[in-house]
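# quick one, what's the 3D model for this:
(one chain, ligands or ions: 1)
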Amino acid sequence: MEACLRRSGRRLLDVSPVLSSSFGSIYRSSSSGFGNDSPRNVSTVAVKGLGNLVRKGTGGRSSVSGIVATVFGATGFLGRYVVQQLAKMGSQVLVPFRGSEDSPRHLKLMGDLGQIVPMKYNPRDEKSIKAVMAKANVVVNLIGRDYETRNFSFEEVNHAMAEHLALIAKEHGGIIRFIQVSCLGASASSPSRMLRTKAAGEESVLQAFPEATVLRPATLIGTEDRILNRWAQFVRKWTFLPLVAGGSTRIQPVYVVDVAAAIIASLKDDGSSMGKIYELGGPDIYTLHELAELMFDMVREWPRYVNVPFPVAKAIASPREFFLNKVPFPLPTPTIFNLEEINALTVDTVVSENASTFRDLGVAPHKLKGYPVEFLTCYRKDGPSFGTTISEKITGLDI
Ligand SMILES: NC(=O)c1ccc[n+]([C@@H]2O[C@H](COP(=O)([O-])OP(=O)(O)OC[C@H]3O[C@@H](n4cnc5c(N)ncnc54)[C@H](OP(=O)(O)O)[C@@H]3O)[C@@H](O)[C@H]2O)c1
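Numbers count the residues shown, from 1 in each chain. Next comes the predicted model:
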């Protein structure tokens, strides 16, 4: 492979010392493994955005965009929208998955026959990562987790894995674009350990792959989201919603489809987004309380809140983190009271003033009120036509 990369004029990056320091012994090293020992499999496209890829067709699902993308984390919430938008423009999408064969099954329907290719891999096995990247010219990393498990720490998932993927992508030599999806608020000084590891992940990716594009989306809203769904489920069960610190923290939630559109827009540009960081927040800033009002309005329940001060919220969330590695069985996934999310809520998380945003990528984000939150109608007590909205109630009183 070394000879082959030299022949194609690319520098072979020796990643083994860096990897061994970052990952200890968990990642098995291998000298090759991309399957591109044959020159036939090495991309010859120059590193200048995707502008000069060969394209065919009118740009729809059955045309050829020239993009062959490996989307890590495609089995998650954002992943399905990214795969759908990539497939819609005629790209081939390689979907690495771990666990059950069922986890990528829904994605196969998003493209023509053979366009979406699920490939089993092990995120701790370098050889299998190389195999899923072998034929790609684009890598999108959506891997991330907002809680720790017994098997995977924040450091490993949000930082070490991202660094590992970037190093392997660089070594590959034919990866033109690397998109790293981080989180709005990611910073080395964040009160949340999760966001600190996200910031470390960004830094390592940009060091290993300086042409990478980093996107920092705010809280994602959409059919499978992990905020409004959880709130609505809680309300259905308990008829009230606990709001941390009275819901006074400001966030800038964003429609998941817009974030997927931003990923596609950055891939389609002339390379101007390479090496840059974008902060992706929705058009409106909400306090948690205002967002909860929107949820109550959609599920047509009378808003009832319980104010949970920060110390109480942390006290409720802490036992899981304390016992996580001390008991011999897995602990439940945190939902409303997630310690690192509560820590993140101690400060406002909105797009910073001088940041590059959706506008720089040519994407106009949708307002949340309306279609993006319509999925909440499934939580109405007696079906979609149950009840009236708050505004309808007030109008009724006026009459
Ligand atoms: N959701 C949000 O509100 C939000 C907000 C800002 C930023 N983000 C970021 O956006 C990205 C995508 O978010 P999402 O909501 O789509 O997340 P998600 O639904 O939790 O999906 C995460 C993906 O990462 C994979 N993953 C998690 N832990 C892994 C591990 N240890 N090894 C290998 N793969 C692993 C999951 O694979 P499995 O299916 O196999 O578990 C899944 O495909 C993440 O980086 C997240 O931090 C999300």
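# just checking, what packs against the strand or helix carrying residue 216?
Here residue 216, judged by DSSP states H and E, is contained in strand 213-217. In terms of contacts (3 or more C-beta pairs under 8 Å, 6 or more residues apart in numbering; DSSP states H and E), strand 213-217 is packed against strand 177-181, helix 193-208, helix 256-268, strand 277-280. Heads up, the C-betas are built off the backbone N, CA and C, glycines and all.
# where does the chain have low pLDDT?
1-49, 51-52, 54, 388-399 (pLDDT under 70).
# list, one by one, the residues from it near the ligand.
Residues of the chain that fall close to the ligand, judged by C-beta under 6 Å from any ligand atom: 73, 75-79, 98-99, 103, 123, 142-145, 152, 157, 181, 183, 217, 219-220, 226.
# circling back to that earlier point, and the strand holding residue 216, which strands flank it?
strand 177-181 (parallel), strand 277-280 (parallel) (DSSP bridges).
# pull the CA atoms of stretch 366-385 into CSV?
The C-alpha trace of stretch 366-385 is given here as CSV (Å, rounded to 0.1, in the frame of the first residue of the first chain):
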residue,chain,number,x,y,z
HIS,A,366,-36.9,26.3,9.4
LYS,A,367,-38.8,27.8,12.2
LEU,A,368,-39.7,25.1,14.7
LYS,A,369,-43.4,26.1,15.1
GLY,A,370,-45.2,24.2,12.5
TYR,A,371,-44.1,21.1,10.6
PRO,A,372,-40.9,20.3,12.6
VAL,A,373,-42.9,19.7,15.8
GLU,A,374,-46.0,18.2,14.2
PHE,A,375,-44.9,14.7,15.1
LEU,A,376,-46.0,15.6,18.7
THR,A,377,-49.6,15.2,17.7
CYS,A,378,-49.1,11.4,18.3
TYR,A,379,-49.0,12.2,22.0
ARG,A,380,-52.5,13.7,22.1
LYS,A,381,-54.6,11.8,24.6
ASP,A,382,-57.4,10.7,22.3
GLY,A,383,-55.8,10.9,18.9
PRO,A,384,-54.7,13.7,16.6
SER,A,385,-58.0,15.6,16.8
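# where along the protein do the strands fall?
Under the criterion DSSP state E, the chain contains strands at 68-72, 92-97, 116-120, 138-141, 177-181, 213-217, 220-221, 241-244, 250-251, 254-255, 277-280, 286-287, 305-308.
# let's see the longest one as CSV, backbone CA atoms only.
Put plainly, it is strand 92-97. In CSV, the C-alpha atoms belonging to strand 92-97 read as follows (Å, rounded to 0.1, in the frame of the first residue of the first chain):
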residue,chain,number,x,y,z
GLN,A,92,-23.5,5.9,-2.8
VAL,A,93,-23.6,5.6,1.0
LEU,A,94,-21.6,3.0,3.0
VAL,A,95,-23.3,2.5,6.4
PRO,A,96,-21.0,1.0,9.0
PHE,A,97,-23.1,-0.5,11.8
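# what lies in contact with that strand?
67-72, 74-75, 83, 86-87, 103-104, 107, 111, 115-121, 129, 132-133, 135-136 (C-beta atoms under 8 Å, 6 or more residues apart in numbering).
# hang on, the earlier thing: tabulate the strands of the chain (TSV), appending mean neighbour count.
Listed next are the strands of the chain as TSV, based on neighbours: other C-beta atoms under 10 Å:
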stretch	mean neighbour count
strand 68-72	26
strand 92-97	24
strand 116-120	18
strand 138-141	27
strand 177-181	26
strand 213-217	26
strand 220-221	24
strand 241-244	21
strand 250-251	19
strand 254-255	25
strand 277-280	23
strand 286-287	18
strand 305-308	15
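# which among these is found nearest to residue 270?
Nearest of the strands of the chain to residue 270, taken as C-beta to C-beta: strand 177-181 at 11.7 Å.
# buried sites along stretch 206-215?
206, 208-209, 211-215 (16 or more other C-beta atoms under 10 Å).
# closest to the ligand among these?
Comparing the buried residues of stretch 206-215 against the ligand with C-beta to the nearest ligand atom places residue 215 closest, at 8.4 Å.
# that closest one touches residue 259, doesn't it?
Yes - using C-beta atoms under 8 Å as the test, residue 215 is close enough to residue 259 to be in contact (7.1 Å).
# what's the farthest-apart pair in the buried residues of stretch 206-215?
Set against one another by C-beta to C-beta, the buried residues of stretch 206-215 have their most distant pair in 208 and 215, with a gap of 17.1 Å.
# ok so, going back, turn the strands paired with strand 213-217 into a markdown table, including distance to residue 354.
As requested, those are arranged in a markdown table below (distance: least, C-beta to C-beta, whole Å):
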| stretch | distance to residue 354 |
| --- | --- |
| strand 177-181 | 20 |
| strand 277-280 | 10 |
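# so which of those strands comes closest to residue 321?
Minimum separation from residue 321 across the strands paired with strand 213-217 (C-beta to C-beta) falls at strand 177-181, 24.5 Å.
# what angle do that closest one and helix 256-268 make?
150 degrees (axes from the mean of the first three to the mean of the last three C-alpha atoms, to 10 degrees).
# number of nearby residues for residue 159?
22 (other C-beta atoms under 10 Å).
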